[in-house]
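Chemist: build the 3D model from these lines:
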Amino acid sequence: MATASINFAEPQHEAAFFYGLFLRGHPLQKLREDIDVPPHVLERWQRLAERDPMYHGMLERMLAYRKHVLAIFDSLVFREMPVPHQTQ
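Modeler: As a prediction, this is how the structure comes out:
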């Protein structure tokens, strides 16, 4: 039986990949949606986790990983955006 090995150690690499797509003109919101876990997928994963306790731990790791990738991606994108000047 083959098992899938997921490397959760390098979210920076995945965030950089998506950032490269952003720099090439891919829409920001679409990329953010691709990185994040959509509600319908989260619900399906949660149902699986309820039936399989081993899956529950993996679910928590996957969610944390996706959120971490999204946070890194956002920091890459938003550090490049100009800061609006406040008028007093």
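Chemist: next, count neighbours for Gln46.
Modeler: When neighbours are defined as other CB atoms under 10 Å, Gln46 has 13 of them. From N, CA and C alone the C-beta is placed, and that goes for glycine too.
Chemist: same question, Gln12
Modeler: When neighbours are counted by other CB under 10 Å, Gln12 comes out with 14.
Chemist: I'd say it and Ser75 touch.
Modeler: No: taking contacts as CB atoms under 8 Å, Gln12 lies outside contact range of Ser75: 10.5 Å.
Chemist: how near is the residue positioned nearest the centre of the chain to Gly25?
Modeler: Nearest residue to the geometric centre of the chain (CA atoms, centre = their mean): Arg66, 3.1 Å. Remark: distance between Arg66 and Gly25 (CB to CB, to the nearest Å) = 23 Å.
Chemist: and if you look at Arg79?
Modeler: Noted for Arg79: a distance of 19 Å to Gly25, by CB to CB.
Chemist: where along this structure do the helices fall?
Modeler: With helices called from DSSP state H, the chain shows them at 11-23, 28-35, 39-51, 53-80.
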